[in-house]
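# Give me a 3D structure for the following:
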Amino acid sequence: MEEVGNSTHLQEFVVSGTVAGAIVGAIFGGYLSDTIGRRGCLMWADVIFAVGSIGMALSQDAATLIAGRVTVGLGVGLASMCVPVYIAEVAPAESRAALVSVNNLLITTGQFCAFVVNTLLRRVPHQWRWMLAVCGLPAVLQLIGLLFLPESPRWLLNKV
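Model (predicted):
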C-alpha cells in the first residue's frame, strides 16, 4: 500500500486510528460492562479486535486500513475498561492486587511478543499483512477461554 508509505499524514492517521478507537471504546466500556456484564464486554472486545485485525490485513487502501485500526482500538478500549474490573470482581481478595499487576505485566509481555513475531516475519512476502492478521490470534484465544469462565459475581448480584 504505497499511498500510506508516501504520505506522512496518512501514516499519522493509521497510527492514531487505534488510539482514537481506544478512547471511544474506553468511554463506552463502562456502560457496556454494566449492561451485558464484564465477561460479555470482554467477549465483544475480542470479536471487535479480531474483526479489526482481519480488516487491516485484508485492506486494499488507506481508508480501509485506518478503519481496521479504529476497530482494533475500540476492542482495546473496551478491554482496558473491562479486564481490571473483571479481575477485581472475580479474584479472591487476597490475590486481587497481584492479579491486576500480572495483567499489566502480561500486556507489556504481549507487546514484546508482538515485536518478536514481527521481527520473525520481516522477510515474509506482504509482511505487514501477516503482522496485522496475527495480532488477532490472542483475541480469538481469549474469546475461547472466556467461554469457560464465569460472569462476575458482583455484576450478577447487581442484576437481581
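# Which secondary structure element of the chain has the lowest mean pLDDT?
helix 2-5 (a mean of 64; mean pLDDT, DSSP states H and E).
# residues of the helix or strand where residue 50 lies that come out buried?
According to DSSP states H and E, residue 50 maps onto helix 38-58. Neighbour counts over helix 38-58 (16 or more other C-beta atoms under 10 Å) mark 38-46, 48-53, 55-57 as buried. The way it works is simple: take the backbone N, C-alpha and C, and place the C-beta from them, glycine included.
# And for stretch 121-138?
Here stretch 121-138 shows 121, 128, 129, 130, 131, 132, 133, 134, 135, 136, 138 as buried, counting by 16+ other C-beta under 10 Å.
# helices and strands around whichever strand or helix holds residue 63, which ones?
Using DSSP H and E, residue 63 sits in helix 62-90. On a contact count with 3 or more C-beta pairs under 8 Å, 6 or more residues apart in numbering; DSSP states H and E, helix 62-90 meets helix 2-5, helix 8-36, helix 38-58, helix 96-120, helix 153-158.
# The closest residue to residue 59 other than its chain neighbours: how many residues sit nearby?
Nearest residue to residue 59 in three dimensions, chain neighbours excluded: residue 65, at 4.1 Å (C-beta to C-beta, 6 or more residues apart in numbering). If you count neighbours by other C-beta atoms under 10 Å, residue 65 ends up with 24.
# ok, now how distant is residue 65 from residue 54?
12 Å (C-beta to C-beta, to the nearest Å).
# Repeat that for residue 148.
Distance from residue 148 to residue 54, by C-beta to C-beta: 24 Å.
# swap in residue 38?
Going from residue 38 to residue 54 by C-beta to C-beta gives 25 Å.
# Residue 15 too?
Counting by C-beta to C-beta - residue 15 and residue 54 are separated by 19 Å.
# Residue 159 now?
33 Å.
# what's the answer for residue 14, then?
16 Å.
# got it, and residue 11?
22 Å.
# ok, of the buried residues of stretch 121-138, which one's closest to residue 83?
Residue 83 has its nearest neighbour among these in residue 138, at 12.7 Å by C-beta to C-beta.
# where's the closest residue to that closest one other than its chain neighbours relative to residue 76, distance?
Excluding its sequence neighbours, the residue lying closest to residue 138 (C-beta to C-beta, 6+ apart) is residue 110, at 6.6 Å. According to C-beta to C-beta, residue 110 stands 11 Å off from residue 76.
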